[in-house]
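# fold the following, please.
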Amino acid sequence: MKVKGVGFFEAHVEKLLLGLMVAVAAGVVVLQFAGSPNAVTVGNQTLPPARAFDPVERKAQETAGRMDATNVDIPDVEGRDAALAGLEDRLRLPVSGDVRLLAFGKPAEIDDALLSGQAENVEYAVVSPPAPGEPTAATYAGTLDPALLVDNDELAALVGSSQPYDLVTVSVETTYDGTALEEAFRTAGAGEVRALPFNWVNSIEALGMQLERQERLDDGSWGNATIIEGLPGQPSLTQVLQEDAADGVLGRDQLASDARMAFEAAPDFRRPLPVRTIAGPEWKPPTVAKQELAAFGGSDRQAQAQQAFQRRGNELTRLEALQGQLREASSGQGGGERGDPRRGGARRPGGGGGDGDESPANDRRAQAIERQIAEIERRIERIDEEMIDLGYDPETGSPQEPGGFADQTIDNRLLASEEVRLWAHDVTAQPGATYRYRTRVAINNPMFGRDAVLIESQRPLAASPVIYSEPSPWSDPVVVAPMTAFFLANANDGRGGALGPSEPTASVEVFTFYYGYYRRATLTLRPGDLIATEADLPDDLRLPVLASVEGQDEPFGGDRRREAGRGAQRPGVPPSSAAPTSPGRSPGSEEPQDEAEGEPVPDEVPAVVDVYLVDVTFEPTQAEGPADRTTQAVAYFSQLSGTGLLRRVASTDRQGELYQLLSRSADEGQNQGQARASLEALPERPRDADDSRRPTSPGSGGKGLGGGGGGG
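Predicted coordinates for the structure are as follows:
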């Protein structure tokens, strides 16, 4: 049947397109293989694609050859010499044709123009450096290195005439805002009064810290202030500068050089070493020492830790008993073993096998025991946290030992530092006295040596090389560690006993300081009894031997920058040369010498306080109402000097910071090792032939006192 309305092209269009595509494909194949292959034109050459870069490579090789050639012909250019001469003349001319340059702001104040000998009629603003922050003071006790007393009569006067050379000290720490000082200099001045030029101020650095001390008197008031600066027999940098200025040998440039040195050796001047000791607790900065004392706690904290440790032991006993019961109850169900009751948690016994009774009653009993075990383990965890908070090890019940101190302070330029850390030491503090301290930071005077450019009324301001900041606030009172002390532990007035009234008694803890540590003894007193007993010393303890080194007759110093390691490297890190060694060994020797060389100490040391017990009574405590009133044991003591009665309350006497300090020292002293001091010298390192006494750092010159830290 014929299709109506469809033409030939419409009926066969797809066949026509297919034929066309086949013809095109055939043509491409013929051109690829029968005719000429693909080609590119490079320059005037027609090349296949694989050789398209050959002409470029040849050109590069020809160019490299011409560049490496040494026999290059220089063309003769007319006027070449004249052109070179003209260029050299232009190079000698100024950059600008007009020597006057446009100012884009206020010109810098350069004081060199004022140094021609004629002073401008300019008044400069006088800046009072701002005060440091509130200081923190702490007391320390240790045994001096005997080597320090050689040729140092001032220091020797502070200790006894024979070993051990025990000494109590106070260290004071504070911070200073150097950016506030920079702002004070920068913003000073108004109207006709100018701020100091920048190049006067930018060399300012901290040269040290001055202490001011007041002692609390018997009536509770504070006595006159005493200035403490430097260590006995070792002048501070500020003292040397002031002496040199008075002698007319200190110039402005030398002062700037000393200020740079004070920054480059900032730890030595901002945070000098404490006096070097061979025995005693490790020295740490006051802020660190107080934090550790607070964590150590007094008798109340020790009692809490003791009670917690006992509770922990009881819980462990119950836990072990329940573990045994659980094993019995689960023996018929595979009897899964539990882990260590000190570490593991409750685990549901499982596992297959077993010939025991698998009754529901046994299963319920095992589940009940597991619940009890889980509760006990939770209680043990809470006790562990409680003991850690108290500063005690839950496993052993002993105080946790803090790590050693390493000063990691990063020191920057004074005027760029928001918080500069500083400390200083008072070795003249009297044992048992109560002091408070305030501080001043010493800086180099930016006006020093510039009297020629100051107006007449301000020239006296240029006389001193050192100026001091405003004083800080006073520190909290600090009780200097006494050589002997006692604390009331318990008291009984003798009434209400099972056998009727008896004589009053008081139990006391007595501390006496000997060879670096406090020694503890306990004593029960009756009215009229003097506090006199003896405290035990560690076995085989010997006094140090002052060993002489041939060719050297001065004590080693405390320059912690010396690579040889003499003196302390940082506060609290004992130096290798000052590390305690056994008596009977010479420096650097492994062979023991005569054991009699180190004099042994006695087995006991007297612990005597010139105080006797008067009476014991129970007094009511303060309370809001009669129902809240309780009584507390109070003991009254009298001094042999008859200066008055001492009142001690048993419940609070051992809770203060002083008791914590002495008790901790006594604990550490029980394991005291042997100590030995060696006498070695460091060579003098004078700055120049005419100024050999200017210190390069505290302790230099072979007689430094620095090097604090504990001995054995």
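
# ok, the closest residue to residue 271 other than its chain neighbours - contacts?
Spatial nearest neighbour of residue 271, chain neighbours left out: residue 423 (5.3 Å); criterion: Cβ to Cβ, 6 or more residues apart in numbering. No exception for glycine: its C-beta is placed from N, CA and C like everyone else's. Counting by Cβ atoms under 8 Å, 6 or more residues apart in numbering, residue 423 touches 171-174, 209, 271-272, 285-286.

# can you pull the pLDDT of residue 423?
On the pLDDT scale, residue 423 is placed at 95.

# same check, this time on residue 93
On the pLDDT scale, residue 93 gets 66.

# gap between residue 249 and residue 240?
11 Å (Cβ to Cβ, to the nearest Å).

# give me the low-pLDDT residue ranges for the stretch 401-550 of the chain?
Where the stretch 401-550 of the chain drops to pLDDT under 70, the residues are 401-406, 496-501, 546-550.

# quick one: the strands in it?
According to DSSP state E, counting those that start in this stretch, the stretch 401-550 of the chain carries its strands in the segments 420-426, 434-444, 466-468, 478-479, 484-492, 505-514, 517-525, 530-536, 547-548.

# sorry, back to before: between residue 249 and residue 240, who's got more neighbours?
residue 240 (19 against 12; other Cβ atoms under 10 Å).

# what about the strand or helix carrying that one, distance to the chain center?
Here residue 240 sits within helix 237-246, counting by DSSP states H and E. Averaging C-alpha positions (Cα atoms, centre = their mean, to the nearest Å) puts helix 237-246 30 Å from its chain's average.

# elements contacting it?
Where contact means 3 or more Cβ pairs under 8 Å, 6 or more residues apart in numbering; DSSP states H and E, helix 237-246 is packed against strand 206-215, helix 252-264, strand 466-468.

# now distance to residue 59 too, for those, in TSV please.
Listed next are those as TSV, based on distance: least, Cβ to Cβ, whole Å:
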stretch	distance to residue 59
strand 206-215	70
helix 252-264	61
strand 466-468	76
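
# hey, what's the closest residue to residue 226 other than its chain neighbours bridged with?
Sequence neighbours aside, residue 213 is the residue nearest to residue 226 in space, at 4.8 Å (criterion: Cβ to Cβ, 6+ apart). Applying DSSP bridges to residue 213 gives these bridge partners: residue 226, residue 437.

# which ones are touching residue 213?
Contact analysis of residue 213 by Cβ under 8 Å, 6+ apart lists 225-228, 426, 429, 435-437.

# distance of it from residue 478?
10 Å.

# and residue 632, by the same measure?
According to Cβ to Cβ, residue 632 stands 27 Å off from residue 478.

# neighbour-wise, which of the two wins?
A side-by-side neighbour count of residue 632 and residue 478, using other Cβ under 10 Å, places residue 478 first with 24 against 14.

# if we can go back for a sec, any shared contact partners between residue 213 and residue 478?
Common neighbours of residue 213 and residue 478 are listed as 435-437 (criterion: Cβ under 8 Å, 6+ apart).

# closest one of these to residue 86?
residue 437 (76.2 Å; Cβ to Cβ).

# residue 452 and residue 373: what is the separation?
89 Å.

# try residue 305
25 Å.

# what of residue 641?
To residue 373, residue 641 is 63 Å away according to Cβ to Cβ.

# and for residue 367?
On the measure of Cβ to Cβ, residue 367 and residue 373 end up 11 Å apart.

# what's the answer for residue 494, then?
Distance from residue 494 to residue 373, by Cβ to Cβ: 49 Å.

# between these two, which one's more packed in?
residue 373 (22 against 15).

# can I take it that the more buried one is in a helix?
Yes. Under DSSP: H, G, I helix; E, B strand; the rest coil, residue 373 falls within a helix.

# pLDDT score for it?
90.

# renumber starting at 470 from here on
OK, 470 is where the count begins now, so the last one is residue 842.

# now for residue 488: which residues touch it?
Applying Cβ under 8 Å, 6+ apart to residue 488 gives no contacts.

# how about it, secondary structure?
Applying three-state DSSP: residue 488 is helix.

# separation between it and residue 798?
95 Å.

# okay, stretch 843-855 in PDB with CA atoms only?
Extracted in PDB, the C-alpha atoms of stretch 843-855 (Å, rounded to 0.1, in the frame of the first residue of the first chain):
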ATOM      1  CA  ALA A 843      30.400  -0.700  93.300                       C
ATOM      2  CA  GLU A 844      29.300   1.500  96.200                       C
ATOM      3  CA  ILE A 845      32.500   0.900  98.100                       C
ATOM      4  CA  GLU A 846      34.600   1.600  95.100                       C
ATOM      5  CA  ARG A 847      32.800   4.900  94.600                       C
ATOM      6  CA  ARG A 848      33.500   5.800  98.300                       C
ATOM      7  CA  ILE A 849      37.200   4.900  97.800                       C
ATOM      8  CA  GLU A 850      37.300   7.200  94.700                       C
ATOM      9  CA  ARG A 851      35.900  10.100  96.800                       C
ATOM     10  CA  ILE A 852      38.400   9.400  99.600                       C
ATOM     11  CA  ASP A 853      41.200   9.500  97.000                       C
ATOM     12  CA  GLU A 854      40.100  12.900  95.700                       C
ATOM     13  CA  GLU A 855      39.800  14.200  99.200                       C
END
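
# can you give me the buried ones in that stretch?
845-846, 848-849, 852-853, 855 (16 or more other Cβ atoms under 10 Å).

# tell me which of the helices and strands packed on helix 706-715 is the most buried.
strand 675-684 (a mean of 23; mean count of other Cβ atoms under 10 Å).

# quick one: average pLDDT of it?
When pLDDT is averaged along strand 675-684, the result is 96.

# just the CA coordinates of that strand, formatted as PDB?
Provided in PDB are the C-alpha atoms of strand 675-684 (Å, rounded to 0.1, in the frame of the first residue of the first chain):
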ATOM      1  CA  ALA A 675      65.800  47.800  86.200                       C
ATOM      2  CA  LEU A 676      69.100  47.700  88.200                       C
ATOM      3  CA  GLY A 677      67.700  45.800  91.200                       C
ATOM      4  CA  MET A 678      65.200  46.100  94.000                       C
ATOM      5  CA  GLN A 679      65.500  47.800  97.400                       C
ATOM      6  CA  LEU A 680      63.800  46.400 100.500                       C
ATOM      7  CA  GLU A 681      62.400  48.500 103.300                       C
ATOM      8  CA  ARG A 682      61.700  46.600 106.600                       C
ATOM      9  CA  GLN A 683      59.700  47.400 109.700                       C
ATOM     10  CA  GLU A 684      59.600  45.300 112.800                       C
END
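
# residue 908 is in contact with residue 603, isn't it?
No. Using Cβ atoms under 8 Å as the test, residue 908 is too far from residue 603 to be in contact (9.3 Å).
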